[in-house]
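Colleague: Return atomic coordinates for the entry below.
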Amino acid sequence: MKIGVPKEIKPQEGRVALLPEQIKKLTDDGQDLFVQAGAGQLSGISDQEYLTAGATILQTAAELFGTVELIVKVKEILPAEFDLLRKHHILLTNIHSANDRPQLDHLLKVGLIAIAAEDTHQYGSPNCPLAGEVGAFEGIRLSLAHHGGTGRHFMSHFGAPVSKAIVLGLGHVGRGALRTLLSLGVEVVGLDINAGARKQASLDWHNTPFRADDISNLHDYLGSADMIFNCVMWPKHRNDHLIHRKDLALLKPTAVIVDISCDEGGAIETSRPTSWQDPVYVEDGIRHFCVDNIPGAVPISSSAGYATALLPHIKSIAKHGALDACRRDPWLARGLNCVDGILTLEEAARVQDRAFTPTAEILNK
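Modeller: Next up is the predicted model:
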């Protein structure tokens, strides 16, 4: 199979879908690999390294898309790439189609097979911990006085109180945030609906200024928080929120909300995606940091994790074809978004009020 790795065009996105290590394993299997020139530059990978691993370097995205069958990316298809897609393509990338109707409309119009990588990770996305760690670092930075923050230090000095943080959700992202915050000395309350997650976090961080509580008690902590980190992936069809717009009045004017999950109108009603070029905005006097590709800030590490996670799926698709690979692996099937112009993702259908055909029905034909 001809497999292509284009250069990401999302602003400030330095990740690349495959590294030379994975390229070599695929070429050793007899697959033909094509990489767009400069695709790995911000992840520390030169074109020559890809050539050495067995890939062919193509200069433009148009040339690459026009050559390959399987397209492996990191981020969603952006409008500038729409006209490059063809019906015979198989797309494997992070799509997040429920909140991106224009992208989904075009994927359905083209009629290709699209698989959302974000839904195929059996043990969680490898970039989730990195997002939590970097997001926590950004929250600490924004808590400094010259950024409009409270001015508290994240470490204890001279008896002055340290910064206080709330972490919403104690999954992979939340635990990543805890690693950064608690390692630096921040006082943290971690909130989760799951008693097991709360218990495990309490055991992991029992010698630190950490306490866990049920997320239903969130409002008890809002008034004292210097930083609030949302690490909850909110179901796209829900109209309620953990923090509503009216709740911003309960916060200190110096508080900052860092929405690492970055679901527009999700757990945080006032969240909307931003970029690294302009990461912070103010709603009702409260600063919000909502960059939607936080792991792109550490592309060398995040690309390595992403490429390792995707390799088994790519090998299976190349060997069996996309649909048969989905039949063999229920986790890969979870990511199937559309086939031949048919929507298979129930979440997108519910959010966008459109018809869909269940994945199982497509795969059982």
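Colleague: remind me, longest helix of this structure?
Modeller: The residue-count maximum for a helix in the chain (DSSP state H) belongs to helix 299-320.
Colleague: And that helix, what does it pack against?
Modeller: helix 20-28, strand 70-72, strand 90-93, helix 128-142, helix 322-328, helix 330-334 (3 or more Cβ pairs under 8 Å, 6 or more residues apart in numbering; DSSP states H and E). Any C-beta I mention is one placed from the backbone N, CA and C, and that applies to glycine too.
Colleague: Do you know the pLDDT at Asp340?
Modeller: pLDDT recorded at Asp340 is 97.
Colleague: any idea how far it lies from Ile362?
Modeller: Distance from Asp340 to Ile362, counting by Cβ to Cβ, to the nearest Å: 9 Å.
Colleague: Arg287 is in what secondary structure piece?
Modeller: Under the criterion of DSSP states H and E, Arg287 resides in strand 286-289.
Colleague: Kindly report the domain assignment for this protein.
Modeller: 2-119+298-363, 128-297 (automatic domain parsing).
Colleague: first to last residue in the first one, what's the distance?
Modeller: Chord length of domain 2-119+298-363, first to last residue, is 23 Å (Cα to Cα, to the nearest Å).
Colleague: With the last one instead?
Modeller: When the termini of domain 128-297 are compared using Cα to Cα, they are 13 Å apart.
Colleague: Which strands and helices lie in contact with the helix or strand hosting Glu361?
Modeller: Secondary structure assignment for Glu361, by DSSP H and E: helix 359-363. When contacts are defined as 3+ Cβ pairs under 8 Å, 6+ apart, helix 359-363 sits against helix 322-328, helix 330-334, strand 336-339.
Colleague: Out of those, which is closest to Tyr281?
Modeller: strand 336-339 (29.8 Å; Cβ to Cβ).
Colleague: Can I get the closest one in PDB, CA atoms only?
Modeller: Written as PDB, here are the backbone C-alpha positions of strand 336-339 (Å, rounded to 0.1, in the frame of the first residue of the first chain):
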ATOM      1  CA  LEU A 336     -14.600   4.900  11.800                       C
ATOM      2  CA  ASN A 337     -16.300   8.100  10.900                       C
ATOM      3  CA  CYS A 338     -17.500   7.600   7.400                       C
ATOM      4  CA  VAL A 339     -17.400   5.200   4.400                       C
END
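Colleague: what does the helix or strand that comes right after it rub up against?
Modeller: Following strand 336-339 in sequence order, the next helix or strand is strand 342-343 (DSSP H and E). Residues outside strand 342-343 that contact it (Cβ atoms under 8 Å, 6 or more residues apart in numbering): Leu104, Leu108, Asn337, Ala349, Arg354, Ala355, Phe356, Thr357, Ile362.
Colleague: Buried ones from those, can you make that a ChimeraX selection?
Modeller: Buried subset of those, written as a ChimeraX selection, criterion 16 or more other Cβ atoms under 10 Å:
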select :104,108,337,349,356,362
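Colleague: Of the contacts of strand 342-343, which belong to helices?
Modeller: Among the contacts of strand 342-343, DSSP H puts Leu104, Leu108, Ala349, Ile362 in helices.
Colleague: So Leu332 versus Lys199, what's the distance?
Modeller: Taken as Cβ to Cβ, the span from Leu332 to Lys199 is 32 Å.
Colleague: same question, Ser163
Modeller: Taking Cβ to Cβ as the measure, Ser163 falls 25 Å from Lys199.
Colleague: Between those two, point out the one with more neighbours.
Modeller: Neighbours per residue, other Cβ atoms under 10 Å: of Ser163 and Lys199, the larger number sits with Ser163, 24 against 13.
Colleague: Make sure that one is actually in contact with Asp226.
Modeller: Yes. Assessed by Cβ atoms under 8 Å, Ser163 is found in contact with Asp226 at 4.7 Å.
Colleague: what do these two both touch?
Modeller: Counting by Cβ under 8 Å, 6+ apart, the common neighbours of Ser163 and Asp226 are Ser143, Thr150, Arg152.
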